[in-house]
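# Show me the folded form of this:
(2 chains)
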2 protein chains.
Amino acid sequence: MDIERYISERARAVNRALPVLAAQVKDPHSRLVEAMLYSLSAGGKRLRPVLMIAAYEVFGGKASDIVPAACALEMVHTYSLVHDDLPAMDDDSLRRGRPASHKVYGEALAILSGDALLTDAFTVLLSSKYPSKIKPGALLAAASILSRRAGAGGMVSGQAADLEAEGFLRSRGEITPARRRAGLKQLSYIHLHKTADLIMAAVEMGAALAGAPEKDFRALSEFGRELGLCFQVADDILDVAGDKKKLGKNGSDARNRKLTYPSLLGVEGARARAEELMRSAVSRLAEVNGSAAAKGALAAISGFVYRREN
Amino acid sequence: MDIERYISERARAVNRALPVLAAQVKDPHSRLVEAMLYSLSAGGKRLRPVLMIAAYEVFGGKASDIVPAACALEMVHTYSLVHDDLPAMDDDSLRRGRPASHKVYGEALAILSGDALLTDAFTVLLSSKYPSKIKPGALLAAASILSRRAGAGGMVSGQAADLEAEGFLRSRGEITPARRRAGLKQLSYIHLHKTADLIMAAVEMGAALAGAPEKDFRALSEFGRELGLCFQVADDILDVAGDKKKLGKNGSDARNRKLTYPSLLGVEGARARAEELMRSAVSRLAEVNGSAAAKGALAAISGFVYRREN
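Sure, this is the predicted structure:
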């Protein structure tokens, strides 16, 4: 299967719909909407929307059925990047190869555009038209997954723990085995919430919108968890070993002396961990009853996440 | 009718449920949740939840049916205050008589706790138990109202316009009649979105959850719009003429030379405008078919908003 094409076709559908759905607000403040669209149009792989669509396709659905839901998730992801780049947070000036939102629009409007992206994600998810086979109950379940995975029981807790871990290496000197164990425990909490929760949300929302059986939902959720953890380990490796030009960001982790897998296990140790997670994720797919092609896509995306260069 | 008692009974039900609902997150970052509860427990009048409950009662509902929905709205209101107080925004150090969140928890955690309050509002709204007479469709409608009124087509656009208006007086010297007209136009946009949208959301969500007829929904929505505008004019007056101790905040509007009704029309002119809006709001209630007692409560709350001292 041509995975690059599979991804790019679905990403294209999301890219087409995203600015239309996000800009359909009534009576908006024009510069606010400009800032929202600036961050949404910065590109990126649209990994989460594509995963949601692939999970939905596992149960026989058509990609076009759930494009608004996929866009809503990307809006939540985008808000988290805008807030994460703020001076009070990671203080990054570059995002996806372009100046971060707060560099272009100022801090206040960057905060507000993040707030609006997060809020309007629910408008896009809840107020869009879907085929009649998607019932109100399934939509409620999907929205509830999104808010749980993105909120204080999910992504935001990961961000808070990540901030706390800043300066971990700087403040503690050399890493002893006991400190490494403590660091790895803290790190798995951060990765699980900061990154994996939203990737779990992607496949869980796809499954919920398709009305998947509980057993398949659980297996996909586990797949999402392990793929999400793999994604963040790979991200940490890229931050220290990657090509800055391809990444389009500055590698603030090393600058901020953050707790990361490479800082605890070295780059090779981190690579081994990422591969283990990727294999474990893919093995979960065997437990899911559904389209072999869509499951193949999910497996191929996993390989892509593990091997990616940006 | 004893309006103080009516409000305080319903506010008490909200105050009891709010920390329980907001803290039911799984696996949270403890200081993040502490920051959320700090801002939620700062008190305040719980005007929006009480308005939602009163609007629901107009159509024969019981207050206890929709306490989670009322708490969700208060969480959205609270997030907006936390972000509004940030150094990059209004830079207020005091809120409801206590240090603002960013003064206690730092800027990063204040941003994140606002993000979490906003996100978890949808969890509380969508995942709580309601009586079976509240159907999934009504809940979807209420959530959709909340995200529309709070997002880029609503409150956040008001915040963005409000920031833009900062320094209005400082930068433009004396106010000519033409400038006053332009200022009033800008100001009504700000007030409509910054404040009225969330008060409209309160009564609209109450009506939607009760399954109110379209005509009554519209009349209540208009009531909310005018009450919301009245609320903000009264707020502006208090900011220049109120007792700082009773207000529990610093009066940053005058310090920031903001565009306000008193700065354009004088305190007396602003008072006349607030009274006109209050009367107009109350007159809308005659168009609504429903419980006379609940409509009386909405009218009495309007008088309370107009006359309040904090």
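# buried residues in stretch A:295-310?
Going by neighbour count (16 or more other C-beta atoms under 10 Å in any protein chain shown), the buried part of stretch A:295-310 is A:295, A:297-302, A:304-306, A:310. (Each C-beta comes from the backbone N, C-alpha and C, glycine too.)
# where exactly do the helices run in the stretch 151-300 of chain A?
A:155-164, A:168-172, A:177-191, A:197-209, A:214-241, A:244-247, A:252-255, A:261-284, A:292-307 (DSSP state H, counting those that start in this stretch).
# Could you save the buried residues of stretch A:295-310 as JSON lines and add columns showing distance to chain B and pLDDT?
Shown next, in JSON lines, are the buried residues of stretch A:295-310 (distance: C-beta to the nearest C-beta, whole Å; pLDDT from 0 to 100):
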{"residue": "A:K295", "distance to chain B": "28", "pLDDT": "97"}
{"residue": "A:A297", "distance to chain B": "29", "pLDDT": "95"}
{"residue": "A:L298", "distance to chain B": "25", "pLDDT": "97"}
{"residue": "A:A299", "distance to chain B": "28", "pLDDT": "96"}
{"residue": "A:A300", "distance to chain B": "31", "pLDDT": "95"}
{"residue": "A:I301", "distance to chain B": "26", "pLDDT": "95"}
{"residue": "A:S302", "distance to chain B": "24", "pLDDT": "96"}
{"residue": "A:F304", "distance to chain B": "29", "pLDDT": "90"}
{"residue": "A:V305", "distance to chain B": "24", "pLDDT": "91"}
{"residue": "A:Y306", "distance to chain B": "26", "pLDDT": "90"}
{"residue": "A:N310", "distance to chain B": "26", "pLDDT": "66"}
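# quick revisit: which stretch among the helices of the stretch 151-300 of chain A comes nearest B:M278?
Nearest to B:M278, of all the helices of the stretch 151-300 of chain A, is helix A:155-164, at 38.7 Å by C-beta to C-beta.
# And the contacts of the closest one?
If you take C-beta atoms under 8 Å, 6 or more residues apart in numbering or on different chains as the criterion, helix A:155-164 is touched by A:80, A:83-84, A:89, A:149-150, A:186, A:189-195, A:197-198, A:258, B:25, B:27-29, B:31-32, B:108-109, B:112, B:115-116, B:119.
# go with 7 Å
Helix A:155-164 is contacted by residues A:80, A:84, A:89, A:149, A:186, A:189-190, A:192-195, A:197-198, B:27-29, B:31-32, B:108-109, B:112, B:115-116, B:119 when judged by C-beta atoms under 7 Å, 6 or more residues apart in numbering or on different chains.
# Tell me the residues on the stretch 151-300 of chain A that lie near chain B, please.
Residues of the stretch 151-300 of chain A found near chain B (C-beta under 7 Å from any C-beta of the partner chain) are A:151-153, A:156-157, A:159-161, A:163.
# Just the closest of the buried residues of stretch A:295-310 to A:L139, please.
Nearest member of the buried residues of stretch A:295-310 to A:L139, counting by C-beta to C-beta, is A:L298, at 22.7 Å.
# so the residue lying closest to that closest one once chain neighbours are set aside is in which element?
What sits nearest to A:L298 in space, not counting adjacent residues and going by C-beta to C-beta, 6 or more residues apart in numbering or on different chains, is A:A54, at 5.2 Å. Using DSSP states H and E, A:A54 falls within helix A:47-58.
# Give me the distance from that helix to the chain's centre.
12 Å (C-alpha atoms, centre = their mean, to the nearest Å).
# Using PDB, list the CA coordinates for it.
Extracted as PDB, the C-alpha positions of helix A:47-58 are listed here (Å, rounded to 0.1, in the frame of the first residue of the first chain):
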ATOM      1  CA  LEU A  47      -1.400  12.900  11.600                       C
ATOM      2  CA  ARG A  48      -4.300  13.000  14.100                       C
ATOM      3  CA  PRO A  49      -7.100  13.600  11.500                       C
ATOM      4  CA  VAL A  50      -5.700  10.900   9.300                       C
ATOM      5  CA  LEU A  51      -5.600   8.500  12.100                       C
ATOM      6  CA  MET A  52      -9.200   9.300  13.000                       C
ATOM      7  CA  ILE A  53     -10.300   8.700   9.500                       C
ATOM      8  CA  ALA A  54      -8.300   5.400   9.200                       C
ATOM      9  CA  ALA A  55      -9.900   4.200  12.500                       C
ATOM     10  CA  TYR A  56     -13.300   5.100  11.100                       C
ATOM     11  CA  GLU A  57     -12.600   3.300   7.900                       C
ATOM     12  CA  VAL A  58     -11.700   0.100   9.800                       C
END
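# Identify all contacting residues around it.
Helix A:47-58 has contacts (C-beta under 7 Å, 6+ apart) with A:7, A:10-11, A:14, A:63, A:66, A:69-71, A:73-74, A:77, A:198-199, A:202-203, A:205-207, A:209-210, A:220, A:288, A:290-291, A:294-295, A:297-298, A:301.
# ok, now with 6 Å
Contacts of helix A:47-58 with the rest of the structure, by C-beta atoms under 6 Å, 6 or more residues apart in numbering or on different chains, involve A:7, A:10-11, A:14, A:63, A:66, A:70, A:73-74, A:77, A:202-203, A:205-207, A:209-210, A:220, A:290-291, A:294-295, A:297-298.
# Against A:E214, how distant is the residue of the stretch 201-310 of chain A found nearest chain B?
Residue nearest to chain B within the stretch 201-310 of chain A (C-beta to the nearest C-beta): A:A201, separated by 11.4 Å. Counting by C-beta to C-beta, to the nearest Å, the gap from A:A201 to A:E214 is 17 Å.
# Those two: which has the busier surroundings?
Using other C-beta atoms under 10 Å in any protein chain shown, the more surrounded residue of A:A201 and A:E214 is A:A201, with 29 against 8.
# could you list every residue that touches that one?
A:A201 neighbours (C-beta under 6 Å, 6+ apart): A:145-146, A:149.
# now with 10 Å?
By C-beta atoms under 10 Å, 6 or more residues apart in numbering or on different chains, A:A201 lies in contact with A:48, A:51-52, A:73, A:76-77, A:142, A:145-150, A:154-155, A:208, A:221, A:224, A:228.
# Great, nothing more from me.
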